[in-house]
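[1] take this sequence and fold it.
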Amino acid sequence: MERFQGKTAIVTGAGTGIGAAVATRLMNEGANVALLGRRVEPLQALSDRVGGLVVTADASSESEMAGALDLVLNTYGSLDVLVCNAGGFGFGTLTETSDDDWAQSVQANLNTAMVASRICMPELIKSKGNILMMSSIAGLAAGPEACGYVTMKHALLGLAKSITRDFSPKGVRCNTVCPGWVRTEMADSEMQELMQRRGLVSIDAAYELVTKDVPLGRPATPDEVASVVSFLCSQDAAMVTGATLTVDGGATIVDVPTMAFSE
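    Have a look, this model is predicted:
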């Protein structure tokens, strides 16, 4: 398929994990893709493997994001898709979260999406393009010891809804994807911690434990998330805006109080 032939996309947090998979999928479907992130090394490594324009910038900085957009427009001429994938940080309970920890979580998860969307909106109005917010099932329910992360992922849903309400009449769609467990470097680090806590002998065993009550019984791959993003950003989803779509193997439909009956 070449659903994005002649289209241009910016993917923030594109160097690794879901962001890299999304960028690769969009390129494979014909898009010109700007790989945006703060660390040049993973961006360049991805570009060397699959292509794409390396854009080193902090998406939460208005000046850097404006410069990144100028580079994209000078290179490709237009912008059709913005994937707000940058995120992370915000782990710890409320009382363990310092002001600096909180600010870092706001910047990484929420400000990157807000600033990038604001800077890119005039071009997306011109192209009648769309924005994809990468939230998490942590944006729908609270996991333990992740106060900042949970709060910001919830906030992304509100941002997406506000954008949808104000800019869909101008032709700009905005949707949100909420992945569950996905086998990425970030998730692997959490599995390492779980292995230590539970005395598990392998990452596979840790993933099996965290997905034992998930109906599909396994974590997603980054490519599986990328395929959903590709659909939502394409004309195949031309009537879809303001949607929140889980990619979680059914995790969020499980009724926790009845789990004891499935043992």
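[2] what's next to stretch 194-208, contact-wise?
    Here stretch 194-208 makes contact (C-beta atoms under 8 Å, 6 or more residues apart in numbering) with Trp181, Arg183, Asp188, Met191, Gln192, Leu209, Val210, Arg218, Pro219. C-beta: built from backbone N, CA, C; applies to glycine.
[3] restricted to buried residues, select the residues you listed in ChimeraX.
    Paste this into ChimeraX to select the buried members of these, with burial taken from 16 or more other C-beta atoms under 10 Å:
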select :181,183,191,210,219
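[4] list the helices and strands whatever helix or strand Thr164 lives in packs on?
    Here Thr164, judged by DSSP states H and E, is contained in helix 147-167. The contact analysis (3 or more C-beta pairs under 8 Å, 6 or more residues apart in numbering; DSSP states H and E) places helix 147-167 against helix 99-105, helix 112-127, strand 130-134, strand 173-179.
[5] the shortest one versus helix 112-127: what angle between them?
    When you say that, I think you mean strand 130-134. For strand 130-134 against helix 112-127, the angle by axes from the mean of the first three to the mean of the last three C-alpha atoms, to 10 degrees is 160 degrees.
[6] what sits up against strand 130-134?
    Contacts of strand 130-134 (C-beta under 8 Å, 6+ apart): 13, 18-19, 80-85, 87, 113, 117, 120, 124, 156-157, 159-160, 163, 172-177, 179, 229, 232-233, 241.
[7] that strand: how far from the chain's middle?
    Here the centre of mass of C-alpha atoms in strand 130-134, compared against the chain's by C-alpha atoms, centre = their mean, to the nearest Å, lies 8 Å away.
[8] strand partners (parallel or antiparallel) of it?
    strand 81-84 (parallel), strand 173-179 (parallel) (DSSP bridges).
[9] ranges for the strands of the chain?
    8-12, 32-37, 53-56, 81-84, 130-134, 173-179, 244-247 (DSSP state E).
[10] can you add mean neighbour count and distance to Ile253 and give the ones you listed back as JSON lines?
    Listed next are the strands of the chain as JSON lines, based on neighbours: other C-beta atoms under 10 Å; distance: least, C-beta to C-beta, whole Å:
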{"stretch": "strand 8-12", "mean neighbour count": "30", "distance to Ile253": "29"}
{"stretch": "strand 32-37", "mean neighbour count": "28", "distance to Ile253": "33"}
{"stretch": "strand 53-56", "mean neighbour count": "20", "distance to Ile253": "38"}
{"stretch": "strand 81-84", "mean neighbour count": "30", "distance to Ile253": "26"}
{"stretch": "strand 130-134", "mean neighbour count": "26", "distance to Ile253": "21"}
{"stretch": "strand 173-179", "mean neighbour count": "25", "distance to Ile253": "12"}
{"stretch": "strand 244-247", "mean neighbour count": "18", "distance to Ile253": "8"}
